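Sequence plus predicted model, see below.
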Amino acid sequence: MYQLVKTYFRIGIFSYFQKIIVIGSENIPSKGAVMFISNHPNALLDPLLIGLTNKRYSNFLARAGVFKNKNIIAFFTMMKMLPIYRVRDGWSNLGKNKAVFEACYNLLKQEEAIVIFAEGSHNIQKRIRPLSKGFTRILFGTLDSYPALPIQIIPVGINYTSSQNFPSKVAIHYGTPINVNDYYSKNDLKNSVDTLKSAVSDSLKKLTVHIESQEHYSLIKNNLDALHVDYLNPSKTNELLKNISLDSLSKKQVRNPVNFLFPFYLLIILNSIIPWLVWKKVANKIDEVAFTSTFRFAITITLFPVFYLFQTLAILAVFGGPWHWYYLVFCFLSCFLYVKLAPCRL
């Protein structure tokens, strides 16, 4: 079941994004204990992309808030996801992390892979936020129990042209491995935590587009958009950021490319009117903007295909073959071509 779901998601994610670029996959060790630490701009699509673009079977640490009912818990457990509790989940729940950490110690002892988003929450801004120390507790706790166990960190930078607009492109950058054992000192744990957090943060800032200034973030982002920088190339964009003078910045008009395929888009919507209306209703109820793409993706790979299949059966019942096959091919091919050819908005 895990492999079947993973294959379906792989097809879905390839069809959802206009382009998926994977850089640095040679940095991923084929075996041994490893922790992938990534930025987190796009809710549940981030772990999905990491899980589908690397060769390791990974276990994911996700915020406990998404484990809401028995069915979701069963599904997430099947997909190797573990809940992590934060203060906002209630002080009484923090004690549950002890069992989760123990499970992580055991996974690393078995030389498995763990994925964690060390910023502690998702945020659509193109910047690396301060890292929480939870990942160091897991790593150093493991070394405390198994001092001779080699553990590596693979920093991961996920860069979207736009994490909320559709269609979009994404680049996943796997960074140079960090040897955790070199940072661990049982007699000076605070310094070990601080230096490892700093090393991981510095690496993530090189693997992602990092706009340091919070005060002037919107203005800087606006100027980058106006220049149509390549957000999939963080090293080039970050080099440009170093040379930006805040004194010279002013609000600019961002011109998105003309969508010459818009009539084709309207045809697709007309052919998909019911699932499209469902998506519009759901979109209006999304409280956290970072979840926009997650819900869009979920509806895209579930309601749209089911609706097309029902319409195909209706055509078969009314007209007979082979028109239903032509229609079914048109449904999926038209959506696929639009995603791959339409201009991406910033």
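All right, it came through fine.

what number of residues lie near P322?
9 (other Cβ atoms under 10 Å). C-betas here are computed from N, CA, C, even on glycine.

That one and L316: what is the separation?
Using Cβ to Cβ, to the nearest Å, P322 is found at 9 Å from L316.

Check which helix or strand the residue lying closest to K80 once chain neighbours are set aside maps to.
Closest residue in space to K80, ignoring its immediate chain neighbours: N59 at 4.6 Å, by Cβ to Cβ, 6 or more residues apart in numbering. Secondary structure assigned from DSSP states H and E places N59 in strand 58-63.

and whichever helix or strand comes after that strand, C-alpha only, in CSV?
Downstream of strand 58-63, the first helix or strand assigned by DSSP H and E is helix 70-78. Extracted C-alpha coordinates of helix 70-78, given in CSV (Å, rounded to 0.1, in the frame of the first residue of the first chain):
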residue,chain,number,x,y,z
LYS,A,70,-8.2,8.1,13.3
ASN,A,71,-8.2,7.9,9.5
ILE,A,72,-5.6,10.7,9.1
ILE,A,73,-3.5,9.1,11.8
ALA,A,74,-3.6,5.7,10.1
PHE,A,75,-2.7,7.3,6.7
PHE,A,76,0.2,9.4,8.1
THR,A,77,1.5,6.4,10.1
MET,A,78,1.5,4.3,6.9
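
what is the orientation angle of helix 70-78 with strand 58-63?
140 degrees (axes from the mean of the first three to the mean of the last three Cα atoms, to 10 degrees).

For helix 70-78, what does the pLDDT average out to?
Helix 70-78 comes out with an average pLDDT of 74.

Quick check: the residue nearest to K80 touching V115?
Yes - proximity of N59 to V115 meets the contact threshold set by Cβ atoms under 8 Å, at 7.0 Å.

Start and end of stretch 30-48, how far apart?
Distance between the two ends of stretch 30-48: 19 Å, counting by Cα to Cα, to the nearest Å.

List the buried residues in it.
33-48 (16 or more other Cβ atoms under 10 Å).

repeat for stretch 289-305
Residues 290-301, 303-305 are the ones in stretch 289-305 that count as buried (16+ other Cβ under 10 Å).

In strands, which of these appear?
Counting by DSSP state E, the buried residues of stretch 289-305 place none of their members in strands.

just checking, what packs against the longest helix seen in the chain?
Of all segments of type helix in the chain, defined using DSSP state H, the longest is helix 292-319. Contact here means 3 or more Cβ pairs under 8 Å, 6 or more residues apart in numbering; DSSP states H and E; on that basis helix 292-319 packs against helix 2-16, helix 45-53, helix 273-283, helix 323-341.

among those helices, which is nearest D202?
Counting by Cβ to Cβ, D202 lies closest to helix 45-53 out of the helices and strands packed on helix 292-319; the figure is 20.1 Å.

can you give me the offset of the closest one from its chain's centre?
Offset of helix 45-53 from its chain centre (Cα atoms, centre = their mean, to the nearest Å): 6 Å.

Which other helices and strands does that helix contact?
helix 2-16, strand 19-23, strand 33-38, strand 58-63, strand 113-116, strand 151-160, strand 169-174, helix 292-319.

average model confidence for that helix?
Regarding helix 45-53, the rounded mean pLDDT is 94.

give the contact list for V100.
61, 82-85 (Cβ atoms under 8 Å, 6 or more residues apart in numbering).

Could you do D144 as well?
Contacts of D144 by Cβ under 8 Å, 6+ apart are K186.

roughly how far apart are it and A118?
Counting by Cβ to Cβ, the gap from D144 to A118 is 19 Å.

can you check C344 too?
From C344 to A118 the distance is 28 Å (Cβ to Cβ).

Please tell me how far F76 sits from A290.
Distance from F76 to A290, by Cβ to Cβ: 18 Å.
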